[in-house]
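Asker: Here is my input; please provide its structure:
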Amino acid sequence: MVRTALVVGASGIVGNATSELLVKEGWKVYGLARRPKDHNRIVPVAADLQNAEETARALHDVRPDAVFITTWARQESEAENIRVNSAMVRNLLAGLSPAQSTRHVALVTGLKHYLGPFEAYGKGVLPQTPFREEQGRLDVENFYYAQEDEVFSAAERDGFTWSIHRPHTVIGQAVGNAMNMGTTLAVYATICRETGRPFRFPGSSAQWNGLTDMTDANLLAKHLVWATETPQAGNQAFNVVNGDVFRWKWMWQRIAGCFGIEPAPFDGTINPLNEQMSNDDVIWRDIAKRDNLLEPEIDRLASPWHTDADLGRPIEVVTDMSKSRRLGFNEYQPTDDAFFALFASLRKNRLIP
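Answerer: The predicted model follows:
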């Protein structure tokens, strides 16, 4: 019997990786997005999840066994993030409710569960690292919590199991993604190489010197499918990281080497990419025209604001994966290899020279 999946946010970093894995493993895959991409093996579903009626119409004939929620919509304030993103999850699950086909819903959130939302990111009293799933919610408004609550409520109504997946910064390929450190650093390194500007680490001393980890999109996709297919993973929240740890003062050199440049010395000064790259749109258009790249708009590739948020944190951030390991998920991905694979894919797909 062919299993059916609905991937919400199928054109994003995580959604794309998840869709490809599900197809490879023999699932019938519906890919929902506001503007779905053409794909000969994924059935497109076009819907604006903020519109309940439109969402219900779009999902009328979709009867998934499993639902993977990998998207969110960035707003100007956390109050708006909560209002909009909780409504998106609520409308989605309400639209699927009449068919009663869904047996599992997997929701991707992230480490802001422990660190707090962007308005209070890394501030105040934070849990001790490494972060563990049993650490409760912070006493602060957070759209991740609101998304979770919508899943919990719908699960109680419709009887499906759920899993919450909390990756660290995700490495993967997507155009137009709001949180894309890997491609942002690739664009930044390319511009530094082209202009002779120093390839300068933009973040804090805590991040430069401290230990950290990241999450490869392909590994996260495997974790999502694993949780869907593993009964003991039902109704559980999980951290999801590659399995290695590193210091940025080491990784920065590795990334620089991929672009044939030398990293600038780090003196402890924060130099946000949002400022360094604020006037680089014309430079990128010139590079794209010269090298016949497919995306001349830098804002479609780079998200310096999000990279600054991650690399500017004042604390060391590492994540515990013991819960997944005990239940049998043993995938591992060296983070430098994940960066190298991304850069190779960006070049192959003519997104960077």
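
Asker: going forward, measure contacts between C-alpha atoms and count neighbours the same way
Answerer: Noted.

Asker: avg pLDDT for stretch 168-186?
Answerer: The average pLDDT for stretch 168-186 rounds to 90.

Asker: Assign a three-state SS to the spatially closest residue to residue 224 that is not a sequence neighbour, would you?
Answerer: Spatial nearest neighbour of residue 224, chain neighbours left out: residue 106 (6.6 Å); criterion: Cα to Cα, 6 or more residues apart in numbering. Under DSSP: H, G, I helix; E, B strand; the rest coil, residue 106 falls in the strand class.

Asker: do you know how far residue 106 is from residue 290?
Answerer: Relative to residue 290, residue 106 is positioned 43 Å away (Cα to Cα, to the nearest Å).

Asker: Would you tell me what helix or strand residue 352 is located in?
Answerer: Assessed by DSSP states H and E, residue 352 sits outside every helix and strand.

Asker: residues touching it, list them.
Answerer: 186, 187, 190, 288, 293, 346 (Cα atoms under 8 Å, 6 or more residues apart in numbering).

Asker: most neighbours, which of these?
Answerer: residue 186 (25 neighbours; other Cα atoms under 10 Å).

Asker: can you pull the pLDDT of residue 38?
Answerer: Note on residue 38: pLDDT of 78.

Asker: I should have written residue 120 there, sorry.
Answerer: Residue 120 is assigned a predicted lDDT (pLDDT) of 64.

Asker: ok, now residue 100?
Answerer: Residue 100 is assigned a predicted lDDT (pLDDT) of 97.

Asker: I'd like to know how many residues surround the residue lying closest to it once chain neighbours are set aside.
Answerer: Of all residues not flanking residue 100 in the chain, residue 158 sits nearest, at 6.8 Å (Cα to Cα, 6+ apart). Residue 158 has 18 neighbouring residues, counting by other Cα under 10 Å.

Asker: coming back round to it: give me the more crowded residue out of residue 106 and residue 290.
Answerer: Neighbour tally, residue 106 and residue 290, criterion other Cα under 10 Å: the higher count belongs to residue 106, 26 against 10.

Asker: I'd say that one and residue 166 touch.
Answerer: No. At 10.8 Å, residue 106 does not count as touching residue 166 under the criterion of Cα atoms under 8 Å.

Asker: ok, which stretches of this structure are helices?
Answerer: 13-24, 52-58, 78-96, 112-115, 143-158, 181-195, 205-209, 217-229, 248-258, 273-276, 281-291, 304-311, 322-326, 335-348 (DSSP state H).

Asker: Which elements pack onto the fourth one?
Answerer: This points to helix 112-115. Judged by 3 or more Cα pairs under 8 Å, 6 or more residues apart in numbering; DSSP states H and E, helix 112-115 is in contact with helix 143-158.

Asker: which helices and strands sit right next to the helix it packs on?
Answerer: For helix 143-158, the elements it packs on are helix 78-96, helix 112-115, strand 161-167, judged by 3+ Cα pairs under 8 Å, 6+ apart.

Asker: out of the ones you listed, deepest packed?
Answerer: Of all these, strand 161-167 has the most neighbours on average by mean count of other Cα atoms under 10 Å, namely a mean of 23.

Asker: could I get stretch 3-15 in CSV with only the CA atoms?
Answerer: The C-alpha trace of stretch 3-15 is given here as CSV (Å, rounded to 0.1, in the frame of the first residue of the first chain):
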residue,chain,number,x,y,z
ARG,A,3,1.7,5.9,1.9
THR,A,4,0.7,9.5,1.3
ALA,A,5,2.4,12.5,2.7
LEU,A,6,1.6,16.2,2.7
VAL,A,7,4.7,18.4,3.0
VAL,A,8,3.8,22.0,4.0
GLY,A,9,6.4,24.4,2.8
ALA,A,10,7.6,22.1,0.2
SER,A,11,9.7,24.8,-1.6
GLY,A,12,11.7,25.6,1.5
ILE,A,13,15.0,24.2,2.8
VAL,A,14,13.5,21.5,5.0
GLY,A,15,10.4,20.9,2.9
